[in-house]
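# After the sequence you'll find the predicted model.
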Amino acid sequence: MAADRTNDPSVAREGISLPFRSGVEDAEALLTKNSGGNAQIDCALAYIRVVQSLLSWEPDSIDVAIDYLKQVEARCSASESSLPSIGTPRGMQHLMLLRVIDGDCQLLRALLCFTKLSIAGYVKGGLLLRSASKVYKKIYKDLDKYEGTQSSVNDAAEGASASFANVRAACSLGFGIVNLAMSLMPDKALSLMKFFGFSGERQAGLDALAFSSTSEDMRAPVAMLSLAWFHGIGRPLLGIDVREGYGDAIDQAQKIIHQAETDMGPASIFNYFKGRTEYLKNNTELAMEAFKSAASSPSALKEVSQLCLYEMGFIHVLNKDFAAAAPNFETLCKETHWSPGFYGYLAALCLGSDGQIAAAHDLMKKLPSIVLRKNANYEKFVLKKTACFQKAVPTVVVCRTLLYEVVYLWNYMLFANTKQKEELLDLLQDECGALDPLDHVLLAANFLVQAGLTFELSRPLDAEVFSRKVLQHADICVKKKEQHIPAYATFIIGQIYQQSGDFVQMKQAMSKAKSAYSDYEVEGRLQTKIKIAMESAGS
C-alpha cells in the first residue's frame, strides 16, 4: 500500500515543480491524490492553475482558476476559525501559514483580474493587491514579535525557531512579487495603487524572492522563475541597472537557471530562459538552438512551446528570413487565445515582407474578425494599423517598415548583433526612398527604427538626427493617433543625453516624452522605461 503523504510538505513542492518537468497532468494527479483537505496542497494546486492560466490567457481557464482560488480562501477561513489553539508555537505557525495562503489567493486573484484588461479589472485587482500586501506585512510583523518572544524564553525549542523560519519563507514569495510588481508599474497605474494606499520597493521584493528561492518552501520554484524573468527579461528590456551593460543581468539569470536545474532537474522552461540569456549576449544562433530544444522537448508545456515559437519568429525577422518567420506567427494566431490578432498582424507583415502580398492582404482583411478583445491595447494597436488595408493593398516596403516598427517597440532590436543591426539599418535607409513622401506616419516610423538602431550601434549623433526627423512629423502623427512614434523618438533623445551625462537635458526630454504624448497603446511600457531612467538619474 502506498504511503499516506497528505501531511508531507514535500508533496506540495514536488507538485509545483512537476509541471516544468513532466506536465500539468502529473502535478494535478499527485496533488489531488494527496490533498485530503491539506491547505498547503490546495495552495500548490492553485499556483499551478494560475501559472497555466497566465501563460495561456484563455478566458475559461482564468475563470476556473479564480473560482478555485475563492474555494481555497473559503477553506482557509474555515480552518482558521476551527483551530484548537494558537497559544503554542506550533499552533501559531499553523495560523500564520493559513494566513499566508489567504494572502497568496488574493495576490493570484489580483494577477488574474489584471488579465481582463479593463478598468473594472484594474480596480478590482488593485484592491486585492492591497489586501494581499496588508496580509504579508502583518505576518512579517507577527513573525518579528513571536521570534523575539521565543528567543527570550529558556524552554523555547529549536524546532519553534525553525517553524517560524518556514513561515517567513512561505510569506516571502508573495511579499516579493507584490513589491517587485509595484516597483515596475508605470506612473499612471502606480497613481491608482497609491490611491489605494500602498506602494512597492524593488530591492525589498528582490531580497524576499531570493530568500524564498533558496528555502525548502513549496513556493521556491516559483520564486526562482520570478527572478529568472526579472534578470533575464525585465532588467534588460526596462533598462534596470544596465548602465554598464547587460553582464550582471546575464550572470544573475544564469545563476538562477543553474540553481533551478540543480533543484528541479532539466526542464523546457529553463531552456527557454537560456535562450533569453543568449539573446542578451547577441548570440541569436545559440538562442535559436535553446528555443528549439525547449519547444521540442516531449515534456514541454504547450505554453512554453508557444513562447519559444514566438521568440524563434523574431530571430527569423532579425535575420530578414521573412518566409521562415511567417509560419511561426500563423501557428500562434491559430492556436493561442492571448492575442490572435497581434500574431495575425505579425504573420501578415512577414508574408508581405517576403513579397507574398496577396496572402498578406487577405490576412489583414481578416484581422478585425480574429481580434478577441477590441479594448485590449495590443488588439487596438492591430486594428489601428490595419484599418487602411481593409481596401488598400500594402507594398513590400510598407510591410517591412511596419514589421520593424514592431521589432523596435517590442524591444527585439536589443537582441540583434552588430552585423544584423547594420544590415537592418542599410535595408531601412535603402527603402526609405520608396515610401510615399506624403505618408508622414510611415516616414516617421522608418526614422524611429533608424534612430533606435543607430543608438544601439553607439552612434548617438546619428540617433539624434533620426529622432529629430521623426519630430518633424510629430503633429501629423498625433493627429492620426500615432503619437507613440514621436513619444519614443523623444525618449531616445533623453537616452542620448543620459549617456553623455547631461542629466538636465535628459530629464527635460524624458518629461516631455511622458507628458506631451498620451493615450496610445504602448504607453504603459514607455512610461515604465521613463520612470526607471529617471530613477537612475536620481530624480
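Happy to help now that I have it. Remember, it's a predicted structure, so these values are computed and weren't measured experimentally. Numbers count the residues shown, from 1 in each chain.
# okay, CA-based contacts and neighbour counts for the rest of this
Fine.
# what's the neighbour count on the nearest residue to residue 397 once chain neighbours are set aside?
Closest residue to residue 397 apart from its sequence neighbours, by CA to CA, 6 or more residues apart in numbering: residue 431 at 6.3 Å. For residue 431, the count of nearby residues is 16 (other CA atoms under 10 Å).
# Tell me the helix or strand right after the strand or helix carrying residue 253.
Per DSSP states H and E, residue 253 falls inside helix 247-264. Using DSSP H and E, the helix or strand that follows helix 247-264 in sequence is helix 268-280.
# What helices and strands are in contact with that next one?
helix 9-21, helix 247-264, helix 284-296, helix 302-318 (3 or more CA pairs under 8 Å, 6 or more residues apart in numbering; DSSP states H and E).
# Quick one: work out the angle between the longest one and helix 9-21.
Translated: helix 247-264. Orientation of helix 247-264 against helix 9-21 (axes from the mean of the first three to the mean of the last three CA atoms, to 10 degrees) gives an angle of 120 degrees.
# Between helix 268-280 and helix 247-264, find me the angle.
160 degrees.
# Helix 247-264: which residues count as buried?
249-250, 252-254, 256-260 (16 or more other CA atoms under 10 Å).
# Just the CA atoms of that helix, as CSV, please.
Taking Å, rounded to 0.1, in the frame of the first residue of the first chain, the C-alpha atoms of helix 247-264 are listed here in CSV:
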residue,chain,number,x,y,z
GLY,A,247,26.8,41.5,-17.9
ASP,A,248,25.3,41.5,-14.4
ALA,A,249,21.8,40.7,-15.7
ILE,A,250,23.2,37.7,-17.7
ASP,A,251,25.2,36.5,-14.7
GLN,A,252,22.3,36.7,-12.3
ALA,A,253,19.9,35.0,-14.8
GLN,A,254,22.4,32.2,-15.4
LYS,A,255,22.9,31.6,-11.6
ILE,A,256,19.1,31.3,-11.1
ILE,A,257,18.8,28.9,-14.0
HIS,A,258,21.6,26.8,-12.7
GLN,A,259,20.0,26.8,-9.2
ALA,A,260,16.7,25.8,-10.6
GLU,A,261,18.1,23.0,-12.7
THR,A,262,20.0,21.7,-9.7
ASP,A,263,16.9,21.8,-7.6
MET,A,264,14.3,20.6,-10.1
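# coming back round to it: let me have the buried residues of helix 247-264 in CSV, extended by pLDDT.
Shown next, in CSV, are the buried residues of helix 247-264 (pLDDT from 0 to 100):
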residue, pLDDT
249, 86
250, 88
252, 90
253, 91
254, 92
256, 93
257, 92
258, 92
259, 91
260, 89
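# Just put these in JSON lines and tack on distance to residue 474.
JSON lines is the format used below for the buried residues of helix 247-264 (distance: CA to CA, whole Å):
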{"residue": "249", "distance to residue 474": "35"}
{"residue": "250", "distance to residue 474": "37"}
{"residue": "252", "distance to residue 474": "40"}
{"residue": "253", "distance to residue 474": "39"}
{"residue": "254", "distance to residue 474": "42"}
{"residue": "256", "distance to residue 474": "43"}
{"residue": "257", "distance to residue 474": "44"}
{"residue": "258", "distance to residue 474": "47"}
{"residue": "259", "distance to residue 474": "48"}
{"residue": "260", "distance to residue 474": "47"}
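# Let me know the closest of those residues to residue 98.
Nearest to residue 98 among the buried residues of helix 247-264: residue 260, at 26.6 Å, using CA to CA.
# surely that closest one meets residue 223?
No - at 9.8 Å, residue 260 does not count as touching residue 223 under the criterion of CA atoms under 8 Å.
# For residue 496, grab the count of nearby residues.
Neighbours of residue 496 (other CA under 10 Å): 22.
# Report the contact partners of it.
455, 460, 464, 506 (CA atoms under 8 Å, 6 or more residues apart in numbering).
# Look at residue 218 and tell me its secondary structure.
Judged by DSSP: H, G, I helix; E, B strand; the rest coil, the three-state class of residue 218 is coil.
# picking that back up, what about the residue nearest to residue 397, distance to residue 447?
11 Å (CA to CA, to the nearest Å).
# for residue 113, same thing?
38 Å.
# ok, these two, which is more surrounded?
A side-by-side neighbour count of residue 113 and residue 447, using other CA under 10 Å, places residue 447 first with 27 against 22.
# first vs last residue of stretch 271-289, how far apart are they?
Stretch 271-289 end-to-end distance (CA to CA) = 9 Å.
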